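> quick one, fold the following:
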Amino acid sequence: MQAQGKLATNILHFARLLRASGMAVGPDRTLDALTAVEAAGLQQREDFFWALHAVFVSKHSDQPLFEQAFRLFWRDPDLLNKAMALMLPSISAPAPPRTEKTPRRLAEAMLPQTGDQPQAGEPDVEFDAALTFSDQELLRKKDFEQMSLTELDEARQAIQKLRLPIQNIRTRRFRSGSNGDRVDMHATLRQSLRQGGAFRLHYKRPRRRHPPLVLLCDISGSMSRYSRMLLHFMHAITREQDRVFSFVFGTRLTSISHLLRERDVDDAMRRVTEMVADWDGGTRIGHCLREFNVRWSRRVMAQGPVVILISDGLDRDAATGIGPEIERLHKSCRRLIWLNPLLRYDRFAPKSMGVRAILPHVDEFRAAHNLDSLLALADALNRPQTGFGMEKFRSELRAG
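Below you'll find the model as predicted:
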């Protein structure tokens, strides 16, 4: 009887783990799971797995999460013997090794949440709202590279809530209106025919729409911490705006636009990681820009997009081919903004060959090392082009 109670307790803990990971698991399913396990028996591991699977998995998208949670929670080497003895491991097992490809929300759900649990006998603590605001300010200004894991997670959540309003521009297409600069002859004649010859002038005016957005993100070793955070930024933009085209590059160029359209950010990041083969390696900026200009320019640059280049400008090919390709890219777009994490240093100077090749052909030069810099970019995209950050460095380039 005691052993059965321990099995039931561990199934209850497993159900709580699934619920904490985001699956729709309630008390009714936990009771059904106990009934299913009792009916299936414990003679074989597969019977135990599929009994729980049949109860807890209701959507196809939940299946990979359930499989990993099952493997991690019931991972004792003597699983079958212990299951038959109804003595199964507790949820308080240590975190899985780093080699396990575990979704972030599952990994967090498996860690013991002791920090948020009130201790017995502890007095209630009231928090000052000013302190909370101060903590948020510190997080916004803190460099991504200096953040702890908890702070990085908070920063990712803040990035997912970021909105990126892009200033609307005048297009070549027109729409009907009560006033405008041009007479809409088609609408005027149609109205005249409907009213037996009497007519009233109709007008048309240009449509206004935000331009497309093209994101080119460096994923080389020197950009490692920043590029992974900025991928969350790219996912938030793709989810919020239409006509967003995203690429990553190191030694080669990879289009990830279709991957970032996943609603779940964990799934999107996992698919990007699996698809991109040149993480944390070198950078061939000129080669990748040429590949973009040759293969992708006609597809994504036809309507005068805003291009955001995210890179530190450090190139393993000694800036070979960068000049002509970045110039061609600049002439093909409406506005070229360069985000460079190295601008976090007050004494930054354009000394590397890659930086010196890119800088003359960009419209704005901005930092990208913390939340404040991303918020500043979001604000800048809703205003006309300003040439932000360019004069100082262009004068240094002219000075040699």
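> surely V25 forms part of a helix?
No - residue assignment for V25, taken from DSSP: H, G, I helix; E, B strand; the rest coil, gives coil, which places it outside any helix.
> got a list of what it touches?
V25 makes contact with 15-16, 18-19, 56, according to CB atoms under 8 Å, 6 or more residues apart in numbering. No exception for glycine: its C-beta is placed from N, CA and C like everyone else's.
> switch to 7 Å and redo it
For V25, the contacting residues are 15, 18-19, 56, by CB atoms under 7 Å, 6 or more residues apart in numbering.
> so where's the stretch 151-300 of the chain shaky on pLDDT?
Low-confidence segments of the stretch 151-300 of the chain, defined by pLDDT under 70: 164-172, 178, 180, 198.
> run through the helices of it in chain order.
Counting by DSSP state H, counting those that start in this stretch, the segments of the stretch 151-300 of the chain that form helices are 185-194, 224-240, 265-275, 285-291, 297-300.
> same question, the stretch 1-150 of the chain
According to DSSP H, counting those that start in this stretch, the helices that the stretch 1-150 of the chain contains are 2-20, 27-40, 45-56, 63-73, 79-84, 104-110, 129-141, 149-160.
> so what does the first one touch, helix or strand wise?
Yep, that's helix 2-20 we're talking about. Packed against helix 2-20 by the contact rule (3 or more CB pairs under 7 Å, 6 or more residues apart in numbering; DSSP states H and E) you find helix 27-40, helix 63-73, helix 104-110.
> how far off centre is the longest one?
So that's helix 27-40. Using CA atoms, centre = their mean, to the nearest Å, we find the averaged C-alpha position of helix 27-40 to lie 37 Å away from the chain's own average C-alpha position.
> tell me what angle that helix forms with helix 45-56.
With axes from the mean of the first three to the mean of the last three CA atoms, to 10 degrees defining the directions, helix 27-40 sits at 150 degrees from helix 45-56.
> what's helix 27-40 in contact with?
Applying CB under 7 Å, 6+ apart, the contact partners of helix 27-40 are 8, 11-12, 15, 47-48, 51-52, 54-56.
> just the CA trace of it, in CSV.
Once non-C-alpha atoms are left out, helix 27-40 reads as follows in CSV (Å, rounded to 0.1, in the frame of the first residue of the first chain):
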residue,chain,number,x,y,z
PRO,A,27,-6.1,17.1,-11.8
ASP,A,28,-8.6,15.1,-13.9
ARG,A,29,-5.8,13.9,-16.2
THR,A,30,-3.6,13.0,-13.2
LEU,A,31,-6.4,10.7,-11.9
ASP,A,32,-6.9,9.3,-15.4
ALA,A,33,-3.1,8.6,-15.6
LEU,A,34,-3.2,6.6,-12.4
THR,A,35,-6.1,4.5,-13.8
ALA,A,36,-4.3,4.0,-17.1
VAL,A,37,-1.1,2.8,-15.4
GLU,A,38,-3.1,0.4,-13.2
ALA,A,39,-4.8,-1.0,-16.3
ALA,A,40,-1.7,-1.2,-18.5
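> which parts of that helix are buried?
29-30, 32-34, 36-37, 40 (16 or more other CB atoms under 10 Å).
> could you check the angle that helix makes with helix 2-20?
Orientation note: helix 27-40 sits at an angle of 130 degrees relative to helix 2-20 (the same axes, to 10 degrees).
> out of the contacts of V25, which is nearest to I256?
Distance to I256 across the contacts of V25 (CB to CB) is lowest for L18, with 29.4 Å.
> for L17, see how far away the spatially closest residue to that closest one that is not a sequence neighbour is.
Excluding the flanking residues, the one nearest L18 by CB to CB, 6 or more residues apart in numbering is V25, at 4.6 Å. For V25, the distance to L17 under the criterion CB to CB, to the nearest Å works out to 9 Å.
> count of neighbours near E327?
If you count neighbours by other CB atoms under 10 Å, E327 ends up with 15.
> list the residues that contact it.
Taking CB under 7 Å, 6+ apart, one finds H361 in contact with E327.
> tell me the secondary structure of it, please.
Going by three-state DSSP, the secondary structure assigned to E327 is helix.
> try the one 10 residues further on
When the structure is reduced to helix, strand and coil (three-state DSSP), I337 reads as strand.
> D363 is in contact with that one, correct?
Yes - when contacts are counted by CB atoms under 7 Å, I337 is listed as touching D363 (6.5 Å).
> and these two? Which one has more around it.
For I337 versus D363, the count of surrounding residues by other CB under 10 Å is larger for I337: 22 against 19.
> just the pLDDT at the more buried one, thanks.
Among the per-residue scores, I337 shows a pLDDT of 91.
> let me see the domain layout of this protein.
For the chain, whose domains are defined here by automatic domain parsing, the residue ranges read 2-92, 171-209, 213-399.
> report the rounded mean pLDDT for the first one.
Right, domain 2-92. Mean pLDDT, computed over domain 2-92, is 73.
> now do the buried residues in stretch 331-342.
Neighbour counts over stretch 331-342 (16+ other CB under 10 Å) mark 332-333, 335-342 as buried.
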